[in-house]
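**Student:** no FASTA, just this:
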């Protein structure tokens, strides 16, 4: 599965996805880096079938109303340290990818992975 990590998430989180066999890029790899607008992330997501992973609820509403981005993981954890964030995704990445096989919107908090749509 292919992922696009938003600017609010650490770039080193890509390694967690890569170690599980996934293709993950961070906004820092886009032409406008972390200044990339939401519309650009949506375009990349739709064109490359990448799941946007973000803390930004604007993507949540865009996905529900317009079906953009292609698929979405909304992170609802508040601020967390790097090691805690990596541990969270290492623990739940299999459940996230499994859910994304049959749905388009997943929320993750500090304890659970929830299918929304």
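**Tutor:** That came through fine. Bear in mind the structure is a predicted one, so any value in this text is a computation, not a measurement.

**Student:** Run through who's touching the helix or strand where residue 83 lies.
**Tutor:** According to DSSP states H and E, residue 83 maps onto helix 82-100. Under the criterion CB atoms under 8 Å, 6 or more residues apart in numbering, residues 1, 9-10, 12-13, 15-17, 20, 22, 51, 71, 73, 77, 80, 106, 108, 110, 113, 115 lie in contact with helix 82-100. Heads up, the C-betas are built off the backbone N, CA and C, glycines and all.

**Student:** Okay, and which of those residues map to strands?
**Tutor:** Judged by DSSP state E, these include 51, 71, 73, 106, 108, 113, 115 as members of strands.

**Student:** Tell me the bridge partners for residue 25.
**Tutor:** residue 4 (DSSP bridges).

**Student:** From the contacts of helix 82-100, list just the buried residues.
**Tutor:** Among those, those scoring as buried are 1, 9-10, 13, 16-17, 51, 71, 73, 80, 106, 108, 113 (criterion: 16 or more other CB atoms under 10 Å).

**Student:** What are the buried residues along stretch 48-57?
**Tutor:** Result for stretch 48-57 [16+ other CB under 10 Å]: buried residues 50-56.

**Student:** Stretch 97-113 now?
**Tutor:** 97, 99-100, 104-108, 113.

**Student:** Turn these into a markdown table, including pLDDT and distance to residue 38.
**Tutor:** Shown next, in a markdown table, are those (pLDDT from 0 to 100; distance: CB to CB, whole Å):
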| residue | pLDDT | distance to residue 38 |
| --- | --- | --- |
| 97 | 97 | 23 |
| 99 | 97 | 23 |
| 100 | 97 | 20 |
| 104 | 98 | 17 |
| 105 | 98 | 16 |
| 106 | 98 | 18 |
| 107 | 97 | 18 |
| 108 | 97 | 20 |
| 113 | 95 | 23 |
